[in-house]
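Q: got a predicted structure here, sequence first:
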Amino acid sequence: MQDFTDKEILGDGLSTQKSTTEKFNTFAGECVHDDLRGTMMKILEQEHSISTDVFNMMHQRGMYETPPAEEKKNHGSKTEIFPKRKIKQQKKL
């Protein structure tokens, strides 16, 4: 029987949480019924909270390093995520 390290266990947990939140996010976004969507959104919020807890646990133990972003790279990310878009006006029929 193989013994797993804390890092492997937490890493697997974080990976599972990422997958789980992705599925709940898709389902909530495509749900037709408001009550069911509300329930899925509550579950999604709980799953994000669990993901944050696992990530913080790993980060605090030095298992998930996050180097500070350089100002130059930080600005680039903003423009990549929110590029300036030209909006075309629709012709009136």
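A: Thanks, I have the structure now.
Q: ok, the residue nearest the centre of the chain - contacts?
A: Nearest to the geometric centre of the chain sits K18, at 6.4 Å (C-alpha atoms, centre = their mean). Residues in contact with K18, defined by C-beta atoms under 8 Å, 6 or more residues apart in numbering, are S51. C-beta coordinates here come from the backbone N, C-alpha and C atoms, glycine included.
Q: try 10 Å this time
A: E47, S51, V54, F55 (C-beta atoms under 10 Å, 6 or more residues apart in numbering).
Q: what segments of this structure are helices?
A: Applying DSSP state H to the chain gives helices spanning 6-29, 34-60, 71-81.
Q: any idea how far D6 lies from I50?
A: D6 sits 17 Å away from I50, going by C-beta to C-beta, to the nearest Å.
Q: got it, and K7?
A: 18 Å.
Q: can you check L10 too?
A: Looking at L10 against I50, where the rule is C-beta to C-beta, the gap reads 12 Å.
Q: who's more crowded, these two?
A: L10 (18 against 15; other C-beta atoms under 10 Å).
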